[in-house]
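Engineer: Got a predicted structure plus its sequence, pasted below:
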Amino acid sequence: MTAVFACSDAAYPGEAPPGTAHGVIELAGLCDDPNQVARFVPEGEDLLVFMIHRRDVNLGALQSAARRLGFDPLGVGVIDLDSLPDSHGAELALEGVIARISEFPGAAPDQVKLLPADRSTRRGFLGLGTPMYVGAPMIHPADCAAADGCKACVAQCPVGALEWSGGAVAHDITACIACGICVTACPTGAIANPVVAPEAVEAELLAVIGLSGPPIGIRYRCRDSRVEGEGGWHQVEVPCTGMLTVGWMLAPLLMGASRVDAVSCDSGGCGLGNDERLRATVRDFDLARAALGERITASGARGLLGPDATRRGLGLVADSDAAISLDFESADVGNVTIEPSVCTACEMCAQICPTAAIESVVDRAGVHIYFDPKACVGCGQCVGTCPEAASGAIFMSKTFDGAEWAVGRRELRHDPTPACEICGGPVAPAAMLSRIGELLGEDGGSTMSMIARRCINHRGR
């Protein structure tokens, strides 16, 4: 059951509050005193929604009131009445937020961060205000690829709140601004922020798109933005639109939305450069949308906002279509090539790949290196770890190619491995032995002879 409270201090976007099956309790002065809802919450309610005038309310006070009633402050629905264009928009917003908080996964203690009171509101500016709760990321070690050397989230964090050390990633919640970028940057889905749980955001999108009647536009907006409502659009709040990917922008179209866009902070732009991240994502999205055109239709697919959102979305539209080739600027897809004349088949690229897009297999025939474009997130860590990258051994481009997706997993490199004269096991790839010989030079002839004839377990015997 859901308890819905609306502030009646100013005009609604229609003649009356949204008329829904949930019912709405109007309260004068709700933005001034959210604690008054305690007198009206029926027993057994498990969801709570506030419909307020965000320009007036202190969100911290709102969350504190919810917490005193036993609700998780991050799992409470908040709708800004000032951002709604009309009564139909208000109804959609209410149904959308109820669907979203119904799928709220709950917040662990490590996923809650306090921010100073919002000074952009009238009450926040005039008073001391109450700190606001925001959702913070938490890393699930079982899913994290840091032990293999993955540092994708560390590289993307705009404030240095993540640090890789000894095969693990540490999170500094004090430095963290809870922007959500690490959530979508993580290639394995090991980082979770409860306020942007993929299943919850997807539930909101499906509810709004399904109830809108004529197809509606979806507009993502930052947590701190104040975007006025516009007919034909529904606003979906995320911590920062810098976290969006091409997949997150494609997903509403694949659910039946008419159009998608995103807006960033209002206060002169983002000082951390996240506006440029958003612009790059929008450019890539516009490229995909223009190239795919009418192929982008409602697919009925679910689970479109996971860690593979971009690859899944593009695959639904253009998989096996040889005519589609897209060269992106920043999208989380990639295509890897290896130059056999330079590659030593050391396998380091396969060891660090967080999604197993690059895999290596060693058998009696030698070392085999395989690549699957459907698993590549374009993180570039394979290039960064390759000891021969400067010589052009490996190259990664942010390319989606329908023909290569049709082929799928393929062998990029094969190099034979001589057998150990003692045990018959593999010594090392022939290309690597050749490279070691070059480094040792003429003076290392005897050493090279031993290295080439015996495996690492039998050298020196």
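Structural biologist: Looks like it came in fine.

Engineer: residue nearest the centroid of the chain?
Structural biologist: Nearest to the mean C-alpha position of the chain, counting by Cα atoms, centre = their mean, stands T184 at 1.5 Å.

Engineer: List the contacts of that residue.
Structural biologist: Shown in contact with T184 (Cβ atoms under 8 Å, 6 or more residues apart in numbering): M243, L244, T245, W248, P307, A309, D332. Every residue, glycine included, has its C-beta placed from N, CA and C.

Engineer: give me the number of residues near the last one?
Structural biologist: D332 is surrounded by 24 other residues when neighbours are defined as other Cβ atoms under 10 Å.

Engineer: ok, now the fifth one?
Structural biologist: One way to gauge burial is a neighbour count; for P307, by other Cβ under 10 Å, it gives 24.

Engineer: contacting residues around the nearest residue to it once chain neighbours are set aside?
Structural biologist: Of all residues not flanking P307 in the chain, G189 sits nearest, at 3.7 Å (Cβ to Cβ, 6 or more residues apart in numbering). By Cβ under 8 Å, 6+ apart, G189 lies in contact with D143, G306, P307.

Engineer: Would you reformat these as JSON lines and include secondary structure?
Structural biologist: JSON lines is the format used below for the contacts of G189 (DSSP: H, G, I helix; E, B strand; the rest coil):
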{"residue": "D143", "secondary structure": "helix"}
{"residue": "G306", "secondary structure": "coil"}
{"residue": "P307", "secondary structure": "coil"}
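
Engineer: Closest to G75 out of those residues?
Structural biologist: Looking at the contacts of G189 and their distance to G75, the nearest is G306, at 20.7 Å (Cβ to Cβ).

Engineer: Can you give me the distance of the residue lying closest to that closest one once chain neighbours are set aside to N58?
Structural biologist: Among residues not flanking G306 along the chain, P198 sits closest, at 5.4 Å (Cβ to Cβ, 6+ apart). Distance of P198 to N58, given as Cβ to Cβ, to the nearest Å: 30 Å.

Engineer: quick one: the closest residue to S212 other than its chain neighbours and V317, what's the gap?
Structural biologist: Leaving aside its sequence neighbours, S212 sits nearest to L92 (Cβ to Cβ, 6+ apart; 6.0 Å). For L92, the distance to V317 (Cβ to Cβ) stands at 26 Å.

Engineer: Between those two, which has more neighbouring residues?
Structural biologist: Higher neighbour count among L92 and V317: L92, with 24 against 20, using other Cβ under 10 Å.

Engineer: what's the more buried one in contact with, if anything?
Structural biologist: Counted by Cβ under 8 Å, 6+ apart, L92 has contacts V208, L211, S212, I216, H234.

Engineer: Please work out how many residues are found near E442.
Structural biologist: Neighbour count of E442, defined by other Cβ under 10 Å: 7.

Engineer: low pLDDT regions in the protein?
Structural biologist: 10-22, 117-129, 266-269, 271, 320-322, 460-461 (pLDDT under 70).

Engineer: Helices of that one, start to end?
Structural biologist: With DSSP state H, the ranges of helices along the chain come out as 59-68, 87-102, 122-126, 152-156, 181-185, 198-211, 246-255, 274-292, 309-318, 348-352, 381-385, 402-407, 430-440, 445-453.

Engineer: Adding distance to E163, write the ones you listed out as a markdown table.
Structural biologist: Converted to a markdown table, the helices of the chain look like this (distance: least, Cβ to Cβ, whole Å):
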| stretch | distance to E163 |
| --- | --- |
| helix 59-68 | 29 |
| helix 87-102 | 32 |
| helix 122-126 | 33 |
| helix 152-156 | 6 |
| helix 181-185 | 12 |
| helix 198-211 | 25 |
| helix 246-255 | 26 |
| helix 274-292 | 20 |
| helix 309-318 | 26 |
| helix 348-352 | 18 |
| helix 381-385 | 16 |
| helix 402-407 | 35 |
| helix 430-440 | 32 |
| helix 445-453 | 37 |
